[in-house]
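Colleague: Structure for the following, please:
(chains A and B)
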Number of protein chains: 2
Amino acid sequence: MTFTLWFMGRPAAGKSTIAKRVENLVNERGIRTENLDGDEIRKNLHPDLGFTKEDRELNNRRTAFICRLLNRNGIGVVTGMITPFRDSQEKVREIIEPENDFVLIYVKCSVEACAERDPKNLYEQAREGEIKNFTGINHPFQEPHNPDIVVDTEQQAVEESVVYVENRLEEMDVLAGDAEGEYAFDINRTEEQDIKERLSEEGYLNDD
Amino acid sequence: MTFTLWFMGRPAAGKSTIAKRVENLVNERGIRTENLDGDEIRKNLHPDLGFTKEDRELNNRRTAFICRLLNRNGIGVVTGMITPFRDSQEKVREIIEPENDFVLIYVKCSVEACAERDPKNLYEQAREGEIKNFTGINHPFQEPHNPDIVVDTEQQAVEESVVYVENRLEEMDVLAGDAEGEYAFDINRTEEQDIKERLSEEGYLNDD
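Modeller: Residues are numbered from 1 along each chain as shown, chains lettered A, B, ... in the order given. Take a look at the predicted model:
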């Protein structure tokens, strides 16, 4: 049993910054993690995907599937994705949670504050219509109903948010597995694995 | 450093059977592996993909990307994919090999012998035109130029092929990593990882 830490929030809310700092703290405990970044996923898995609702949802679901694959091999995952739609926020949990800890961390920041930071002038470009489907300007952002952790980067300093996330992960016992060797590879396959293998055998002619 | 064992060959050539037996032997050495099966990849990553040349190549490339992700976390991968196009056979190697051992295992069997086995009457249906794009009947199959290992399931018994693959893997030193702890997670990121992270930071606003 291991975990996926899924940082969600608007562009420029601070997802990547906080995720990276939290990941460092987790690694310092000797717990291995993979940082799945959206750009790499897009580039390698589906360079054709755009930023429509359907494409964003597909991107989220595919990323969740990869989180699950890594998790079931004992690799914790840290990822930052806008995840603007509530359906996706729930769907990615459904994909990962049955077997592993899924932690939805909402990096909260108002659209006004994000637009004020706007390190690459993207909010401004979106307002002027130069970028389409830009979250928060001309594309929806739905706040999550059931985040496990919320940090408010408009009110808190980065370090404060990072420490808060770490403390909450401890309280939730998400980081406890390693000490007891729970992250070690379990050679005994689970029932799901058996089902998967049976399906694979039955359908092996279509495997490519 | 770990490995991807990529079993390729015609439908009904025996890829899954031999891959599963080889994987069991690898696991018995205490080396963890993930069995990536084509059906699971298709169902979860791209249920929309068909069996045209382009779709098969995309399926192969995406699977290779997932192999790379698992490999860089110390997880060996075993997969069976028809991989009918030479371009793909070379492309998947390019994706995986720079960092880890990529072993292309050609499970060789003539189309006549495969069609004779035909456990699910698929060859027959393809001949009658009921299945389109069926490898070897109405869709190409290109033998690999540079397989690392070849087993001939028309001439050899299954057990013979399995033992041969295991011996070749030993000779190639592919299974040697674990004993020396090479498969342990390396907390020091590679240069590629650093580049990836920098790219991610530069493009983080498009991460979803």
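Colleague: mind showing which ranges of chain A have poor pLDDT?
Modeller: Applying pLDDT under 70 to chain A flags the ranges A:177-208.
Colleague: just checking, what packs against the longest strand seen in it?
Modeller: Longest strand in chain A by number of residues (criterion: DSSP state E): strand A:101-108. In terms of contacts (3 or more C-beta pairs under 8 Å, 6 or more residues apart in numbering or on different chains; DSSP states H and E), strand A:101-108 is packed against strand A:3-8, helix A:15-28, helix A:86-96, strand A:149-152, helix A:158-171. Placement of C-beta: from N, CA and C, glycine included.
Colleague: Dump those to a markdown table, plus mean neighbour count.
Modeller: Converted to a markdown table, the helices and strands packed on strand A:101-108 look like this (neighbours: other C-beta atoms under 10 Å in any protein chain shown):
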| stretch | mean neighbour count |
| --- | --- |
| strand A:3-8 | 28 |
| helix A:15-28 | 20 |
| helix A:86-96 | 18 |
| strand A:149-152 | 20 |
| helix A:158-171 | 16 |
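Colleague: Mind putting those into a markdown table with distance to chain B?
Modeller: Formatted as a markdown table, those follow (distance: least, C-beta to the nearest C-beta, whole Å):
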| stretch | distance to chain B |
| --- | --- |
| strand A:3-8 | 8 |
| helix A:15-28 | 5 |
| helix A:86-96 | 8 |
| strand A:149-152 | 17 |
| helix A:158-171 | 14 |
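Colleague: I'd like those as CSV, with distance to B:Thr63 appended.
Modeller: Converted to CSV, the helices and strands packed on strand A:101-108 look like this (distance: least, C-beta to C-beta, whole Å):
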stretch, distance to B:Thr63
strand A:3-8, 21
helix A:15-28, 26
helix A:86-96, 18
strand A:149-152, 33
helix A:158-171, 32
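Colleague: B:Ala13 is nearest to which of the ones you listed?
Modeller: Across those, B:Ala13 has its closest neighbour in helix A:86-96 (32.6 Å, C-beta to C-beta).
Colleague: what's the closest one in contact with?
Modeller: A:4, A:6, A:8, A:56-57, A:60-61, A:63-65, A:67-68, A:71, A:83, A:102, A:104, A:142, A:144-146 (C-beta atoms under 8 Å, 6 or more residues apart in numbering or on different chains).
Colleague: One more pass at 10 Å, please.
Modeller: A:3-4, A:6, A:8, A:53, A:56-68, A:71-72, A:77, A:79, A:81-83, A:85, A:102-104, A:106, A:140, A:142-148, B:44, B:208 (C-beta atoms under 10 Å, 6 or more residues apart in numbering or on different chains).
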